[in-house]
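Asker: Structure for this input, please:
(chains A and B)
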Amino acid sequence: MRRLGWLKSWEGLLLVILIVIIVFNASSTPHYLQVQNQINLFQLHIEKIIVALIMTFIIINAEIDLSVASVMGLAGCVMAYLFERGLPFGVCLLAGLLTGVLAGAVNGFMVSYVGLTSLIVTLAGSIGYRGLAHVLLENRSIGNFPEWFDRLGQQPLIGPFPLALIVFFVLLIIALIILQRSAAGRYVFVIGNSSDVARYSGVNVRRVKMILFIVSGSVAAFAGLLLAARLGSMRGDTALGAELEVITMVVLGGVSIFGGTGSMFGVLLSILIILNLRNGMGLLNITGEIQTGVIGILLILSVLGPNIGRWVTEAWNRHRRVQHMHDREKGG
Amino acid sequence: MKRLKRYFRPEQLRELSLVFLMGLIFLFFGTQIEGYFSPRIFNRVTSDVAIIAVVAIGETLVLLTRNYDLSVGSIVGLTAFAVGKLLSFHPDTLPIVALLAAIGLGIAMGLINGLLVSSGRVPSLIATLGTMAIYRSTLVAYPAGTKNVVTHDLPEWILDLCRTQLFSIGEFKIRPVVAGALVLFVLFQLMISYQRFGRRLYAVGSNPEAARIGGLPSQRLVLSAFIICGATAGLGGFMYLVRYGDLTPAAAQGMEMDVIAAAVVGGVSTMGGSGTMIGVLLGAMMINLLQQSLLRWLVISNFWVDALLGALILVSVTIDAVIINRLRDVWAQRGLEGNPVDEKKIIEEESLDA
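Answerer: Below you'll find the predicted structure:
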């Protein structure tokens, strides 16, 4: 019985849910367990799950970044715009990445040095950066990128694995090591728990936050370029609304929205749950909008469920204590 | 200067500067765009502002309690769509029934949000991010016939409602919708500045812990704020239907951004506990004036609207953080009379009392 104790943790619960979903999907469609379907399942949302890795750091740090989807769009649009102007493709890619660094630096500066709430800063960012993307491309769609770029996004690179998937796993391992095994990771947790305590213990809170937002912007920009490669074209509204799903992945993974707790393993499990759930619903012909609604329900339940569980156990314990006292009174 | 301090509070200074800024925008575009001062633009701006502003009333109440409601866009879309469908299937529904149905539907959705936040202890950001998706997919999955609401299915009075005018000053028409919004604003401004309920919302938002220890029913107050927010969003949905007529399932998508932007530009703090309805109204007008003017300004492409809106929000929040907060400290230090507080005197008086 004690060996099963870890199942009571959040990760244990997620693992059970994941297994249930996989078994259900596998039994309802024969194609589900094929390697190609499993890779497709990652490939369809690969940009979002890459961004979810850095979002984990941001939310553990008790901040939030609502602008990631817009930064993804903007980076892709800057790249496409310069490409259309006939610049060498390498320069375009670099400019796209640089856009992300800049966008992240603006967010980070406003949050850590001006001292504004990250929710409002990145809300303004998500409107503003999306607006800039529309300014660049208006309502055109730009495609016909170099052939190698499209191939990188759409074809497998090593064995059956495409580039983005390999990047994801490499980044996952790096994130895991930084968050759970390094001093920088400890700083992120400490600041998330109490930024005052962190400051008094000599942690440079401002610098850590600044760096996190810059990395967030850069990773989002990189994901935007991957998205451009996968889709083969860019529009002003590419990746609109992706932040909802990214945040869902992180919060469902057991990261508290108030910061200070969470693990990379939990986030990985919740990513797998969401991907498999979407894939299963897709195989059952449920449309994307309804899938988003189901994800929304999952998001609320992921916070509500543990709360209800806690009340039930508390009520049960109280009941038992009262029972116990009754028994003692009768005995005495 | 002393006089100024006596009669103005920092919030009012902020509102005055918004009016001043709006005046500047007005004058600038007046020289740039032909026929800018014509009544058409006035009518256009007022009827667009009315929707955003009404929804912003409820959102402000929620923001005051240090919560967010990100689902208002979806509530507006869903109520507009549902009432539109109701009216196209039963064209003989009484107008008042349709209006109440819209508000009732809004209240129901606000109640769900409020219960999740107040009783379920789900952080409002998470709860309303989730319900935003849920309400929107309810709308998409709406089973009734075709997916769109079309104007010519709607009864005549809906179309009349957006054409008629209550009264007009020259060519400047005041439509019923606009007048209704203004009345609501006055009522809610009075409520949050003089009524117990309103003052308590401020108390809960500015320091939830103190409010709880002081014995305020924080949970119930937050719940009521969310319910009112649902109601105004439902009303906004009705107005959206009246204004646009043709609706797709994507109706009012992203409106929550405009609404929160209006509140923030109008000086409502997202940390709760400060803001006024007049400021919100000014914020909504400012944003809409800018949007409508940029659409008509031929010098830059109208795709700049959103980029500038983002910058505007950022600038106004920064000004708030840097200047207004400092001013507020100065005000607090000098006391109401404009005199520096004499600590020695207070201590002497206290010792005398003892």
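
Asker: Low-confidence ranges, the stretch 1-150 of chain A, go.
Answerer: Within the stretch 1-150 of chain A, the segments meeting pLDDT under 70 span A:1-8.

Asker: 80 instead?
Answerer: A:1-9 (pLDDT under 80).

Asker: Might you enumerate the residues of it proximal to chain B?
Answerer: Contact residues (Cβ under 8 Å from any Cβ of the partner chain) of the stretch 1-150 of chain A with chain B: A:64, A:110, A:114-117, A:119-121, A:123-132, A:134-135, A:138. Placement of C-beta: from N, CA and C, glycine included.

Asker: Throw together a ChimeraX command that grabs the buried residues out of those residues.
Answerer: The buried residues among those can be selected in ChimeraX (16 or more other Cβ atoms under 10 Å in any protein chain shown) with this line:
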select /A:64,110,116,117,119,120,121,123,124,125,126,127,128,129,130,131,132,134,135
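
Asker: So which of the residues of the stretch 1-150 of chain A next to chain B are in helices?
Answerer: Judged by DSSP state H, helices contain the following of these: A:119-121, A:123-132, A:134-135.

Asker: check which helix or strand covers the closest residue in space to residue B:293 that isn't next to it in sequence.
Answerer: Sequence neighbours aside, residue B:29 is the residue nearest to residue B:293 in space, at 4.3 Å (criterion: Cβ to Cβ, 6 or more residues apart in numbering or on different chains). According to DSSP states H and E, residue B:29 maps onto helix B:10-32.

Asker: What residues sit buried inside that helix?
Answerer: B:10-11, B:13-15, B:17-18, B:21, B:29.

Asker: Which parts of the stretch 151-300 of chain B are helices?
Answerer: All helices of the stretch 151-300 of chain B, identified by DSSP state H, counting those that start in this stretch, fall at B:156-163, B:176-194, B:196-206, B:208-213, B:218-244, B:255-265, B:277-296.

Asker: Check whether the longest one comes near chain A.
Answerer: No - judged by Cβ under 8 Å from any Cβ, helix B:218-244 stays clear of chain A, getting no closer than 13.6 Å.

Asker: List the buried residues of that helix.
Answerer: B:218-219, B:221-244.

Asker: ditto for the third one
Answerer: Residues B:198, B:200-206 are the ones in helix B:196-206 that count as buried (16+ other Cβ under 10 Å).

Asker: how close does the residue nearest to residue A:228 when sequence neighbours are not counted get to residue A:233?
Answerer: What sits nearest to residue A:228 in space, not counting adjacent residues and going by Cβ to Cβ, 6+ apart, is residue A:76, at 4.2 Å. Plainly put, residue A:76 is 9 Å away from residue A:233 if you go by Cβ to Cβ, to the nearest Å.

Asker: And for residue B:84?
Answerer: Taking Cβ to Cβ as the criterion, residue B:84 is separated from residue A:233 by 35 Å.

Asker: Is residue A:150 within a helix or a strand, and which one?
Answerer: helix A:147-154.

Asker: Could I get the phi/psi values of residue B:195?
Answerer: The phi and psi torsions at residue B:195 (degrees, to the nearest 10) take the values phi -80, psi 150.

Asker: thinking again about what came up before, who's more crowded, residue B:84 and residue A:233?
Answerer: residue B:84 (29 against 15; other Cβ atoms under 10 Å in any protein chain shown).

Asker: quick one: which helix or strand includes that one?
Answerer: In this assignment (DSSP H and E), residue B:84 forms part of helix B:72-89.

Asker: what do you get for residue B:58?
Answerer: helix B:39-64.

Asker: Okay, buried residues for that helix please.
Answerer: In helix B:39-64, counting by 16+ other Cβ under 10 Å, buried: B:41-43, B:45-64.

Asker: Does chain A have contacts with that helix?
Answerer: No - using Cβ under 8 Å from any Cβ, we find that helix B:39-64 stays clear of chain A, coming within 10.6 Å at best.

Asker: for chain B, what are the nearby residues on the stretch 151-300 of chain A?
Answerer: Counting by Cβ under 8 Å from any Cβ, the residues of the stretch 151-300 of chain A near chain B are A:236, A:244, A:247-248, A:251, A:257-258, A:287, A:289-290, A:292-297, A:299-300.

Asker: Among these, name the buried ones.
Answerer: By 16+ other Cβ under 10 Å, these give A:236, A:244, A:247-248, A:251, A:257, A:289, A:292-296, A:299-300 as buried.

Asker: Quick check: which ranges of the stretch 151-300 of chain A have low pLDDT?
Answerer: The model of the stretch 151-300 of chain A has pLDDT under 80 over residues A:288.

Asker: mind listing the helices for it?
Answerer: A:163-181, A:183-193, A:195-200, A:205-231, A:242-252, A:264-283, A:288-331.

Asker: and the last one, what other elements does it pack with?
Answerer: Right, the one you point to is helix A:288-331. When contacts are defined as 3 or more Cβ pairs under 8 Å, 6 or more residues apart in numbering or on different chains; DSSP states H and E, helix A:288-331 sits against helix A:242-252, helix A:264-283, helix B:124-140.

Asker: now those helices as TSV including distance to residue A:52?
Answerer: Below are the helices and strands packed on helix A:288-331 laid out as TSV (distance: least, Cβ to Cβ, whole Å):
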stretch	distance to residue A:52
helix A:242-252	4
helix A:264-283	6
helix B:124-140	15
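
Asker: returning to what we had before: how far away from the center of its chain is the helix holding residue B:84?
Answerer: Relative to the mean C-alpha coordinate of its chain, helix B:72-89 is positioned 20 Å out (Cα atoms, centre = their mean, to the nearest Å).

Asker: how about that helix against chain A, any contact?
Answerer: No - interface with chain A: helix B:72-89 contributes nothing (Cβ under 8 Å from any Cβ), its closest point being 9.8 Å away.
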